[in-house]
Structure formats: structure tokens, C-alpha cells
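> Provided below are the primary sequence and the corresponding predicted coordinates.
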Amino acid sequence: MNRRVVVGMSGGVDSSVAALLLKRQGYEVIGVTMQIWQEETPECQAENGGCCGLSAVEDARRVAEALDIPYYVMNFRQEFKRHVIDYFVAEYLQGRTPNPCIACNRHVKWEALLRRSMELGADYIATGHYARIDRLENGRFAIRNSVTAGKDQTYALYNLTQEQLARTLLPVGDCTKAEIREMAREAGLPVADKPDSQEICFVPDDDYAAFIQREVESRGETGGVLEAGNFVTSDGQILGRHKGITHYTLGQRRGLELPMGRRVFVTAIRPETNEVVVGENEELFSTEVFCGDVNFMAVSDLEEPMRVWAKIRYNHPGEYCTIEKLSADRLRCCFERPVRAATPGQAIVFYTGEYVLGGGTIL
């Protein structure tokens with residue numbers, strides 16, 4: 001009997017070719033699009049649904065027809081609201097900069113989809129992420145870098161569990177983007193030249209502050225951090241007024257509108273006093289970073305200090321650091337060269353060779 005795999009289809013070329021490759025490999029492939037957008041009206045879903053809106057559903061459906069595979073749309077609104085939107089808003093209200101894609105991967109695209117897929121009798125789930133999965137000599141599963149550094153998506157997958165990895169297939173990790181598009185063209189898939197999605201799917205206009213304002217108001221809540229406050233120096237000197245801390249993130253320079261006569265940057269956010277701290281670029285560099293909510297992948301735990309390659313954001317090229325365990329869920333990361341703007345709320349991901357050792361949330 002063929003092994004059954006549920007492919008999360010976003011309507012893009014990567015997940016479409018993932019389904020194509022798995023079918024060619026002899027799997028029984030089922031296509032699924034996760035419906036996550038919160039609004040009920042078709043117009044709103046089409047406009048705001050991003051990778052899971054109505055246009056994505058139609059594209060994925062056409063691909064499924066071309067591949068002659070079953071296709072379903074599954075409702076994951078509740079899971080997405082709880083694990084992604086509510087988390088996103090709460091983090092910004094606390095002065096941190098969240099990474100909703102990482103939360104979505106762990107709790108929606110994997111945890112919720114895997115559970116639903118098992119109910120369909122599936123053996124695996126699959127996505128179009130540019131990464132690979134190997135089982136190491138120690139018996140653990142680990143994410144491995146894709147063959148194309150330009151599209152490598154391992155950073156956003158560091159938080160997956162061993163159970164999730166054991167039941168996951170990532171068929172496009174051995175290919176470049178150009179190869180994926182060429183395969184799609186040769187197979188006659190209607191999304192072969194579809195542009196990649198860039199923005200956060202539930203904030204298509206990139207106006208995070210306005211989105212958070214609407215969310216807070218919809219709950220009937222009020223929050224002081226949504227109100228204007230003071231720009232200050234690190235020693236408390238008031239420089240001017242800001243629009244609300246949800247408009248800012250560590251390292252930001254544009255949009256401050258301060259008549260300083262020189263370039264200045266956000267160096268800290270203080271939600272408890274509704275202050276945005278502004279300073280020089282040099283103040284953003286550090287050699288010591290702390291993280292919590294740690295998930296180990298290539299190893300079960302950190303038994304002694306270890307030198308690793310670490311990335312502090314998705315597009316960070318990486319730098320060597322030594323990590324040591326301070327408590328059950330807290331690490332200190334000592335970088336060999338200073339890193340700029342290690343932002344609270346973002347992920348720090350550790351690599352050993354080509355493999356993801358693990359990662360955590362910057363504190």
C-alpha cells in the first residue's frame with residue numbers, strides 16, 4: 001500500500017512542486033490548504049488572506065486538479081487566532097518583536113495539520129519549505145540546510161518537535177528555486193511563475209501598529225502602550241514624542257522624526273513607562289545574548305558549553321558563539337564578534353555544521 005502524505009498547499013510554486021515530487025515518488029498525495037483568515041466575508045479573505053486566502057485556495061485547487069490528487073480546505077482559524085494573532089499582539093504590547101511565521105509553523109502548519117492529517121490516515125505531512133530532514137547517528141531528527149543558501153528556511157523551523165520531524169517530508173530542500181520553477185513549467189502547473197509572498201499574511205499592508213490597534217479595540221480593551229509617549233536617551237533625557245511603542249522595533253532608524261541632526265536608532269523599548277529609547281548605532285552591538293523557550297533538535301539537551309554558529313534573525317548571515325545553559329530553559333550566548341540589534345522576541349537559532357542544533361527566543 002502506498003504511503004499517504006498530506007501536503008500543505010499555499011497556492012505557491014514551492015508547495016505545488018512538493019506535491020508533484022511526492023506523487024512522482026509513489027506517495028498517495030492529498031492536498032490541503034489551511035484556512036486561517038479570521039474574517040468571514042469572501043472579499044476580506046481574498047484581500048487579506050495572504051498565503052491562505054481565497055486566491056491561494058483557487059490556485060492550490062487548480063494545481064491539485066492538474067496533478068489529479070484529492071484536495072481539501074481545512075478550517076484552522078481557531079488555532080491560528082490563538083497561537084499566531086494573539087501571540088503577535090501580546091508580544092508587541094510588551095515591547096518585543098515577535099516572529100509569527102515561527103509560531104505558525106510549530107503550532108498550525110505542523111501541530112494542528114499533523115493532528116488532522118493523522119485523522120485522515122496519513123503517514124506524513126509535507127510542505128514546500130527549503131530545508132531537509134535527516135536522522136542523525138544519535139537517533140534524533142534534525143533540520144538540515146537546503147542546497148540553496150539564498151532560499152534556506154531552516155531558521156523558521158528550529159522549533160519543531162521530534163514527533164513532528166519524524167512525520168515530515170520536505171521534498172524541495174534538495175532543489176534551487178530556479179529548478180523548482182522549471183519543474184513546475186515542465187509539468188504545466190498554473191503557478192510556475194507566481195511571485196513569492198513577502199509580507200506577513202495577516203498584515204498585508206505591513207502596518208503592524210494599525211492591526212494591533214484594531215485587535216485591541218475589537219476586544220474592548222485599552223492599552224497605554226498604544227498611546228503616544230516619550231522618546232528618551234538611555235539616561236532619561238526626553239527628546240520628543242513617539243506614536244506608541246507598537247510602531248517601533250530595536251535598531252529602527254526610519255520614521256522616528258526626531259530633529260537630532262544625526263542618525264539615531266531605537267536602542268530599547270520600555271513598555272512599563274511607555275518610552276522608546278534612542279541612541280547611537282554603536283549602542284546596538286553586543287557580544288552577550290540571552291534566550292529562553294529553548295527547543296533542542298539535533299541533541300536532547302545541552303550538557304556543557306558548546307561553540308555553534310548562530311543566527312539572530314532570518315536574514316542574519318550568522319556568527320560563531322559559545323552557548324551555555326543557565327537553567328532548564330535559559331541559555332547565555334557569548335558571540336566572538338559583536339552582533340547588531342539582538343531583538344527581544346525574535347528567534348536565535350544555533351547550527352552545528354549543516355544541522356539545526358536548536359534555538360530559543362531572545363530575551
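Happy to help now that I have it.
> Could you use CA atoms for every contact and neighbour count after this?
Fine.
> got a pLDDT number for residue 47?
Note on residue 47: pLDDT of 51.
> Then residue 290?
pLDDT recorded at residue 290 is 98.
> what are the bridge partners for it, then?
Beta-bridge partners for residue 290, by DSSP bridges, are residue 332.
> in terms of contact, does it touch residue 348 like I think?
No - contact criterion Cα atoms under 8 Å: residue 290 and residue 348 do not qualify, at 9.2 Å.
> what sits in contact with each of these two?
By Cα atoms under 8 Å, 6 or more residues apart in numbering, residue 290 and residue 348 have these common neighbours: residue 362.
> Which one of those two is surrounded by more residues?
Taking neighbours as other Cα atoms under 10 Å, residue 290 and residue 348 compare with residue 348 leading, 28 against 19.
> Show residues contacting the host helix or strand of the more buried one.
Under the criterion of DSSP states H and E, residue 348 resides in strand 347-352. Residues external to strand 347-352 that are found in contact with it (Cα under 8 Å, 6+ apart): 99, 155, 158, 291, 308-313, 356-362.
> buried residues in it?
347, 348, 349, 350, 351 (16 or more other Cα atoms under 10 Å).
> Low-confidence ranges, the stretch 201-350 of the chain, go.
Residues of the stretch 201-350 of the chain meeting the criterion pLDDT under 70: 222-224.
> Break down it into its strands, ranges please.
Counting by DSSP state E, counting those that start in this stretch, one finds strands in the stretch 201-350 of the chain at the ranges 229-232, 238-242, 265-270, 275-279, 285-296, 306-311, 319-327, 330-340, 347-352.
> cool, the stretch 51-200 of the chain as well?
71-75, 124-126, 131-135, 141-145, 168-169.
> As a markdown table, those strands with mean neighbour count, mean pLDDT and distance to residue 185 would be great.
Listed next are the strands of the stretch 51-200 of the chain as a markdown table, based on neighbours: other Cα atoms under 10 Å; pLDDT from 0 to 100; distance: least, Cα to Cα, whole Å:
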| stretch | mean neighbour count | mean pLDDT | distance to residue 185 |
| --- | --- | --- | --- |
| strand 71-75 | 16 | 95 | 21 |
| strand 124-126 | 25 | 98 | 21 |
| strand 131-135 | 20 | 98 | 22 |
| strand 141-145 | 24 | 97 | 25 |
| strand 168-169 | 22 | 98 | 23 |
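> May I see those arranged in a markdown table, with distance to residue 11 as well?
Formatted as a markdown table, these follow (distance: least, Cα to Cα, whole Å):
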| stretch | distance to residue 11 |
| --- | --- |
| strand 71-75 | 12 |
| strand 124-126 | 14 |
| strand 131-135 | 19 |
| strand 141-145 | 24 |
| strand 168-169 | 18 |
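> So which of the strands of the stretch 201-350 of the chain is nearest residue 55?
Residue 55 sits nearest to strand 347-352 of all these, at 30.5 Å, using Cα to Cα.
> which residues touch the residue nearest to residue 281 when sequence neighbours are not counted?
Distances taken as Cα to Cα, 6 or more residues apart in numbering place residue 265 nearest to residue 281, at 6.2 Å, with adjacent residues excluded. Contacts of residue 265 were listed using Cα under 8 Å, 6+ apart, and they are 250, 251, 252, 253, 278, 279, 280, 281.
> And the residue nearest to residue 303 when sequence neighbours are not counted, how far from residue 291?
Nearest non-adjacent residue to residue 303, counting by Cα to Cα, 6+ apart: residue 325, 7.8 Å away. Taking Cα to Cα, to the nearest Å as the measure, residue 325 and residue 291 are separated by 10 Å.
> Looking at those two, which has the bigger crowd around it?
Each of residue 325 and residue 291 has its neighbours counted (other Cα under 10 Å); residue 291 has more, 22 against 17.
> Enumerate every residue touching that one.
Each residue near residue 291 by Cα under 8 Å, 6+ apart is listed here: 330, 331, 332, 333, 348, 360, 361, 362, 363.
> Then residue 128?
Per Cα under 8 Å, 6+ apart, neighbours of residue 128: 8, 9, 14, 15, 16, 17, 18, 170, 171, 172.
> Out of those residues, which sit inside helices?
Residues of the contacts of residue 128 located in helices (DSSP state H): 14, 15, 16, 17, 18.
> Go through those and name the one nearest residue 186.
residue 17 (10.8 Å).
> where do the contact lists of residue 325 and residue 291 overlap?
331, 332.
> re the thing from before, from the chain's centroid, how far away is whatever helix or strand comes next after the strand holding residue 348?
Heading C-terminal from strand 347-352, the first helix or strand you meet, by DSSP H and E, is strand 355-362. Strand 355-362 has its C-alpha centroid displaced from the chain centroid by 13 Å (Cα atoms, centre = their mean, to the nearest Å).
> Brilliant, that's me finished.
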